[in-house]
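Chemist: What follows is a protein structure lacking sequence information:
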């Protein structure tokens, strides 16, 4: 039991040091939508904190996890002559370590069941935008920014080679994005040159089924004079 709790303490220390240092770097670096800073902080800088946390976890277990028995000295023996008492596990620390491991284990299990690989697999969200009459499309693909928000993460939608389209006399934009998490919070935003960023909510269940067709056209969630409309369709990758 001592070995198991010592190993868990070291593991928790390494995990805390790794994630704590990576989170500190991300916080000091500021917002990072494309994830480059977060990836570098986790894989390049985080291991340094993991080593420090591992040593700290072992030291804390040796310092507070093992306590001496408080048995009285035998009759006729002074405290200074007493032999070293046997050491035992600290009950409060053992309970704390087991509770932390249980909470982290539940959190890991919860994140696992949110993975769409357990249901429909990764889903492809096809998003189309319809511009009002008289509004022209940008000339360059780089001038179109489409961002999909899913849970607490962001991803840039991909523009296919035929992204410049039309619906009758109205210009349109075609894009696709991958859905990766089970969540009820999904949204999409469109930014074009000279036009305020438009936002739409994606009304889908947390674990959606493929849709038979496109949703109805809808305007942005906030009233805007731009008059751009959006609709979407969801399909399964497998």
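Modeler: Looks like it came in fine. Model, not experiment: these values are computed from the prediction.
Chemist: From here on, just use CA atoms for contacts and neighbour counts.
Modeler: Fine.
Chemist: which residues touch stretch 184-200?
Modeler: 138, 143-151, 201-206, 219-222, 224, 226, 228, 230 (CA atoms under 8 Å, 6 or more residues apart in numbering).
Chemist: next one: that stretch to chain centre, how far?
Modeler: 21 Å (CA atoms, centre = their mean, to the nearest Å).
Chemist: repeat for stretch 198-214
Modeler: Using CA atoms, centre = their mean, the offset of stretch 198-214 from its chain centre is 20 Å.
Chemist: Mind listing what's buried along that stretch?
Modeler: 198-202, 208 (16 or more other CA atoms under 10 Å).
Chemist: Give me the buried positions along the lengthiest strand in the chain.
Modeler: Assignment by DSSP state E gives strand 170-179 as the longest strand of the chain. Across strand 170-179, burial judged by 16+ other CA under 10 Å covers 171-179.
Chemist: With pLDDT as extra columns, can I get the residues you listed in CSV?
Modeler: Shown next, in CSV, are these (pLDDT from 0 to 100):
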residue, pLDDT
171, 94
172, 96
173, 95
174, 96
175, 96
176, 95
177, 92
178, 87
179, 85
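Chemist: got the contact list for the closest residue to residue 130 other than its chain neighbours?
Modeler: In space, and not counting its chain neighbours, residue 130 is closest to residue 172: 4.4 Å by CA to CA, 6 or more residues apart in numbering. Going by CA under 8 Å, 6+ apart, residue 172 touches 128-131, 137, 164-166.
Chemist: Sketch out the helices for the chain, chain order is fine.
Modeler: 2-29, 36-40, 46-60, 91-113 (DSSP state H).
Chemist: Take these and lay them out in CSV including mean pLDDT, distance to residue 122 and mean neighbour count.
Modeler: Shown next, in CSV, are the helices of the chain (pLDDT from 0 to 100; distance: least, CA to CA, whole Å; neighbours: other CA atoms under 10 Å):
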stretch, mean pLDDT, distance to residue 122, mean neighbour count
helix 2-29, 82, 27, 18
helix 36-40, 76, 22, 14
helix 46-60, 86, 29, 20
helix 91-113, 79, 14, 13
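Chemist: Reformat those helices as a markdown table; add distance to residue 155.
Modeler: A markdown table is the format used below for those (distance: least, CA to CA, whole Å):
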| stretch | distance to residue 155 |
| --- | --- |
| helix 2-29 | 18 |
| helix 36-40 | 12 |
| helix 46-60 | 24 |
| helix 91-113 | 19 |
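Chemist: Of all these, which one is nearest residue 212?
Modeler: Smallest distance to residue 212 across the helices of the chain (CA to CA): 25.7 Å, for helix 91-113.
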